[in-house]
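Colleague: give me a 3D structure for the following:
(chains A and B)
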Amino acid sequence: MRKEFYDMKVRFIGVLIVTTTLFFVVAPFQRFTISMLEGYSGNPQIEKFLPGAMLNKLKEWDFYINSQWYGKNFGQMVGIIGIIMAFPLFAREFENETIMFLLVRKPRKWIYFNKLFTGAVATSIVMLVGSILPAIYSAVAGKEYNYPVVPKFMVQSIFGALLWYCVGVFFSVLFSDQVKPLLASLGLLALTTTAGLIKALKFLNTFPYQLGVSIFEKDSVDFWYTLGIIVVCVVITWIGYLVFERKEV
Amino acid sequence: MPDGKELYGSYTEEKMVKVSKELTERFDEKKCVAYVERFQIPLNEKVSSLSSGQTTQLYLSIAFSQDAELYIFGEPTWGLDPIVRSQVLEMIRDLPLGDRSVLYTSHILSEVEKVADKVAIMNKGKILDMGYLDEIKEKYCAVTVPMGSEIDGYKYKSTKNEDVYVVTRDYAISNNLEYTPVPFEVVFEALVMGNNNSINMQ
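Modeller: Here you go, the predicted structure:
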């Protein structure tokens, strides 16, 4: 476990820094954003995408931070963070041939699940930090904030990231260099998002879940989608394990 | 210890030892550090900055520090200078005490002769002969026959009028052939080349 954390230390800290920096690019600039958007009022092109009512809602801290953080900046990164945390897990060991060092010391099952769980924990920590930042900032800055919404966004962020983390792990096991799993995972993310534009395949687009659309609309976690993600994660993880167990090194 | 001795380039030697302790059962960290120091490898440098020989020495230090029942070494002296190679062979020779055994694979037969009690000669995935080193050397011999004579064995070389064959000592005695002992390298060559040319040496 310690070795795996050590291996992903740079990625983990890097992603945390990017997430935190991004938050501080969004959170303190509510007034600036609104004044900038108000400057465009009267412009029919802008009015089309940002009606006056929306502008007024952005003046509320709750709506501003939830929409701009969970519903935009952080929410869009959730799947990509999952992929970034996953893609080198196995592929780097294959590429550098260090997998032999592990295989002569530990059973394949131990190696697979140890790597998988360590990465999953690290990914969840990043999601937890990213999800809790609005609450911390609101408390420190003395803003009035609807705190009960945080755990709901947290759940959707964590499971949204874990889904793409599992996909990344699967490709990491499948390929023997680090570029292919990254490209394959990002390609699949793009493909499912595009396919989700078709009404019958709407469920393939994971972005509405990651961005917390159900929380904005119904103030509740999308239970069935979460359950679906858990099932898909278990299936992908198991297939990944079977591939790893049979993989020639 | 596999043929390709790849370690984690981004770790320092110290970190590599600690990670090995985490991953390896019955691993003696102090013993490993002692081996690393004996090989004069700096503990605070990155593995990626080590030469190929030093990487092999670090790998060997890690392997030697595990209390295992069976040690498997694949070409463990590859990339080592002659002095370190002798040291390593001596260390390997000292490993099989008590219930411990060593399986050592190599193409360098002089090394095999130094470390092995029992040897197995393999070719194309098939064990051609196996036994104590002295027994194998005893089992085969060289005979000189007039050129063109057909006998069961491996034709090792030819002179102007004669052929030199490597045959089993039993064969030489039963056929009243005058024989001379052969070194292990010649036995190896005869068995492997004989196997490649499907010559019966049994």
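
Colleague: and the host helix or strand of residue B:163, how far out from the chain middle?
Modeller: Assigned by DSSP states H and E, residue B:163 falls within strand B:162-168. Here the centre of strand B:162-168 is set off from its chain's centre by 26 Å, with C-alpha atoms, centre = their mean, to the nearest Å.

Colleague: that strand packs against which elements?
Modeller: The contact analysis (3 or more C-beta pairs under 8 Å, 6 or more residues apart in numbering or on different chains; DSSP states H and E) places strand B:162-168 against strand B:140-146, strand B:154-158, helix B:184-196. For the C-beta atoms, the positions are set from N, CA and C on the backbone; glycine is no exception.

Colleague: buried ones in that strand, by neighbour count?
Modeller: B:163, B:164, B:165, B:166, B:167, B:168 (16 or more other C-beta atoms under 10 Å in any protein chain shown).

Colleague: tell me how many other residues crowd residue 159.
Modeller: All of this refers to chain A. Applying other C-beta atoms under 10 Å in any protein chain shown, we find 25 residues neighbouring residue A:159.

Colleague: if you could check chain B rather than the one you did, that'd help
Modeller: There are 9 residues near residue B:159, going by other C-beta under 10 Å.

Colleague: how about the residue of chain B positioned farthest from its centre: what's its closest non-neighbour residue?
Modeller: What lies farthest from the middle of chain B is residue B:161; by C-alpha atoms, centre = their mean that is 36.5 Å. The shortest distance from residue B:161 to any non-neighbouring residue, by C-beta to C-beta, 6 or more residues apart in numbering or on different chains, is to residue B:147 (5.4 Å).

Colleague: now that neighbour: how far from chain A?
Modeller: 49 Å (C-beta to the nearest C-beta, to the nearest Å).

Colleague: and what about whichever residue of chain B sits closest to chain A, helix, strand or coil?
Modeller: Across chain B, no residue is closer to chain A than residue B:6, which sits at 4.1 Å (C-beta to the nearest C-beta). Following DSSP: H, G, I helix; E, B strand; the rest coil, residue B:6 is assigned to coil.

Colleague: follow-up on the earlier one: list the helices and strands the next helix-or-strand element following the strand holding residue B:163 packs on?
Modeller: Downstream of strand B:162-168, the next assigned helix or strand under DSSP H and E is helix B:169-174. Other elements packing on helix B:169-174 under the criterion 3+ C-beta pairs under 8 Å, 6+ apart are strand B:140-146, strand B:179-181.

Colleague: contacts for helix B:169-174, please.
Modeller: For helix B:169-174, the external contacting residues (C-beta atoms under 8 Å, 6 or more residues apart in numbering or on different chains) are B:138, B:139, B:140, B:141, B:143, B:151, B:152, B:153, B:177, B:178, B:179.
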